[in-house]
Every structure is written in C-alpha cells, then in structure tokens.
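**Student:** Give me coordinates for this.
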Amino acid sequence: MLKRKQKHILIKFFSMFSVVRGYNILLIILAQYLAAVFIFAPYLSLGKVIFDSYLFMLVLACSASIAGGYIINNFYDSEKDLINRPNKSMLDRLVSQNTKLSFYFVLNFSAVIMASYVSFRAVLFFAAYIFGIWFYSHKLKKIVVIGNVVSALLTVTPFLVLLIYYKNVNTLIFLHASFLFLLVLIRELVKDLENIKGDLTQDYKTIPIEFGVPKTKHAITILTVLTAIPVYYLISQHQVGYMEFYFYAAIASLFLFLILLWKTTTKKRYVFLHNILKFIILSGVVSILLIDLDVVINRFL
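**Tutor:** Here you go, the predicted model:
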C-alpha cells in the first residue's frame with residue numbers, strides 16, 4: 001500500500017515537472033548565472049555574483065513566474081496539445097486542472113514575495129511580467145505574427161532582469177540578446193509548422209495557416225540570415241574569447257538547418273528541426289563559459 005502511494009506521488013511529481021517544463025527552468029537558472037558572471041557583471045568577483053542574495057531572489061522569482069507561465073499556457077492549450085503532443089499531454093493530465101491552477105497562483109504569489117526582498121521596482125517588474133505571460137496565453141497567442149514576437153520577447157525577458165539589476169547597458173549585451181531573440185523567434189515559427197494540425201482545429205491564427213507553409217519558410221530563412229549580423233559584430237568588435245567557435249558552429253548549424261527546412265514536409269522532420277534549434281540554444285548557454293576560460297579554470301575547476 002505504501003509503495004503504491006509513493007509511486008502515485010512520484011507519477012504526480014513527474015507530471016507537474018512536465019507541465020512546468022522543469023528542464024527548461026533549470027536551463028534558465030544556469031543561463032542567468034552564467035550571463036551574470038561573464039556578460040552582465042564581469043567586473044565583479046565570482047563570489048560576489050554567486051552569493052548575492054538579491055540576485056538569488058531575482059533568479060528564483062524568474063523561475064517561479066516562468067513555471068507559472070508554463071502552467072497557464074498548458075491550461076489554455078490543453079485541447080490543442082492533445083492533438084499535437086498526445087503523449088506529453090496524457091502525462092500532463094495526470095494532475096487535475098484545479099491543482100495546476102492552484103499551483104499557478106502559489107508560484108506567482110511566491111515570485112512577487114521574492115521580488116519584494118529586492119525592491120518595490122522588482123515587484124512591479126514581476127507583476128507586469130506575470131500579467132504579460134497571462135495575457136499572451138489568453139489572447140495574444142492566437143494573433144498572427146504578434147503571438148510569435150511576444151513569445152520570443154517573454155523568453156528573453158528574464159535576462160532583462162539582470163540588465164536592470166546590474167544597470168549595465170552596452171552593445172555586447174544587446175548583441176547577445178538579439179542573437180537569442182532571433183533564435184527563439186525562428187523556433188516559434190518552426191513550432192507553428194510542427195503544430196499546424198492542432199492549431200487549425202483550435203482556430204489559432206498562425207503564420208503557416210494565414211500565409212501558407214512556403215511563406216513561413218521564407219520568413220524563417222530571412223530571420224536565420226539575420227542571425228549573422230549580431231554574430232559578426234560579436235566576433236569582430238567584442239571580446240568573446242573562445243565563444244567565437246560556438247558562433248562559427250552555430251552559423252554552420254543554421255545553414256544546415258535551412259537546407260533541411262526546405263526539404264521538410266512532415267511533422268516528424270519539423271520536430272527534428274525544432275530539436276536542432278534547441279540544441280543550438282542549449283550549447284549557447286554552456287558556451288558562455290568560453291568567454292573567459294581563465295575564470296573557469298581558476299575559479300570553477
């Protein structure tokens with residue numbers, strides 16, 4: 001009886017972990033700390049960044065609000081996801097909608113409380129961010145083009161927290177953010193190609209549905225070419241250390257991605273392309289360590 005109860009709790013945990021996409025949350029936490037150390041505050045010692053309680057609270061508040069965002073997005077997209085991602089959807093449904101909504105409010109309340117530890121401005125920022133995520137899930141997501149752009153902006157917003165906290169505005173940060181924004185926007189369009197069936201069923205106004213698959217591929221091609229602009233300036237005009245090799249590899253991967261994109265016609269292949277983009281983004285997070293290998297060798301190893 002005890003083992004059965006433990007198994008039930010474990011299944012519920014994995015279901016909720018799937019709903020909030022815990023793996024993405026962990027990646028964002030890692031990305032924020034690496035960005036703080038190597039991009040936003042390279043002038044501070046490692047200890048001052050890692051053990052900064054205010055930064056810790058901001059990162060936790062981001063994680064809580066993003067997790068809440070995944071829950072509300074799951075709530076509004078439950079029918080569509082049942083068509084597009086039946087296996088994941090079945091796992092997500094092991095937790096009731098009431099439980100998810102309760103957890104959603106707890107997470108958002110926790111995010112505001114943690115932000116209040118930092119400042120009132122932080123509270124206002126997260127209140128606006130939480131509202132923005134809800135409004136996107138409730139309304140904007142179904143609006144052609146706007147939904148994609150807002151989704152990409154919301155994805156990049158956690159790094160805006162660091163920008164505001166460290167008050168370090170420079171072209172290096174802008175270029176990194178531009179590259180990430182373009183990658184996320186490309187991924188959003190590929191997801192639309194991947195999810196055409198469910199979007200049609202639920203009357204979502206996506207770019208592939210409104211303008212057709214060929215024009216969507218043209219838009220993706222243009223955005224992919226545009227990624228070369230921030231990469232060029234990052235490599236030629238800024239000190240990015242050995243991370244320049246990541247950027248060379250990313251551009252080469254994106255070139256291969258485009259070749260495959262124009263040959264792809266099935267959902268399975270679009271999922272593969274989506275995974276290529278996720279790998280490029282994940283590699284980019286890890287590659288932040290390459291900006292200053294001396295810091296890594298002397299302080300981390």
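**Student:** Pull the contacting residues for the residue positioned nearest the centre of the chain.
**Tutor:** Compute the mean C-alpha point of the chain, and by CA atoms, centre = their mean the closest residue is residue 155, 4.4 Å away. Residue 155 is in contact with 180, 181, 184, counting by CB atoms under 8 Å, 6 or more residues apart in numbering. Backbone N, C-alpha and C define where each C-beta goes, glycine included.
**Student:** got the residues you listed as JSON lines, with secondary structure, neighbour count and distance to residue 96 columns?
**Tutor:** Formatted as JSON lines, the contacts of residue 155 follow (DSSP: H, G, I helix; E, B strand; the rest coil; neighbours: other CB atoms under 10 Å; distance: CB to CB, whole Å):
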{"residue": "180", "secondary structure": "helix", "neighbour count": "21", "distance to residue 96": "35"}
{"residue": "181", "secondary structure": "helix", "neighbour count": "19", "distance to residue 96": "36"}
{"residue": "184", "secondary structure": "helix", "neighbour count": "18", "distance to residue 96": "31"}
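**Student:** one step back: in what element of secondary structure is the residue nearest to the centre of the chain found?
**Tutor:** Following DSSP states H and E, one finds residue 155 within helix 146-166.
**Student:** Report the buried residues of that helix.
**Tutor:** Across helix 146-166, burial judged by 16 or more other CB atoms under 10 Å covers 147-148, 150-152, 154-159, 161-163, 165-166.
**Student:** can you list the residues that contact the helix or strand where residue 124 lies?
**Tutor:** If you go by DSSP H and E, residue 124 is part of helix 120-138. Residues from elsewhere that reach helix 120-138, judged by CB under 8 Å, 6+ apart: 58, 61, 65-66, 68-69, 72-73, 75-77, 108, 111-112, 115-116, 147, 150-151, 154, 157, 161, 164.
**Student:** Dump the C-alpha coordinates for that helix into PDB.
**Tutor:** Output of helix 120-138 as PDB, limited to C-alpha atoms (Å, rounded to 0.1, in the frame of the first residue of the first chain):
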ATOM      1  CA  PHE A 120       9.500  47.600  -5.000                       C
ATOM      2  CA  ARG A 121      10.600  48.200  -8.600                       C
ATOM      3  CA  ALA A 122      11.300  44.400  -8.800                       C
ATOM      4  CA  VAL A 123       7.700  43.800  -7.600                       C
ATOM      5  CA  LEU A 124       6.300  46.000 -10.300                       C
ATOM      6  CA  PHE A 125       8.500  44.300 -12.900                       C
ATOM      7  CA  PHE A 126       7.400  40.800 -12.000                       C
ATOM      8  CA  ALA A 127       3.700  41.900 -11.600                       C
ATOM      9  CA  ALA A 128       4.000  43.200 -15.200                       C
ATOM     10  CA  TYR A 129       5.800  40.100 -16.400                       C
ATOM     11  CA  ILE A 130       3.300  37.700 -14.900                       C
ATOM     12  CA  PHE A 131       0.400  39.700 -16.400                       C
ATOM     13  CA  GLY A 132       2.200  39.700 -19.800                       C
ATOM     14  CA  ILE A 133       2.600  35.900 -19.700                       C
ATOM     15  CA  TRP A 134      -1.100  35.500 -18.800                       C
ATOM     16  CA  PHE A 135      -2.200  38.000 -21.500                       C
ATOM     17  CA  TYR A 136      -0.100  36.300 -24.100                       C
ATOM     18  CA  SER A 137      -1.500  32.800 -23.200                       C
ATOM     19  CA  HIS A 138      -5.100  34.100 -23.100                       C
END
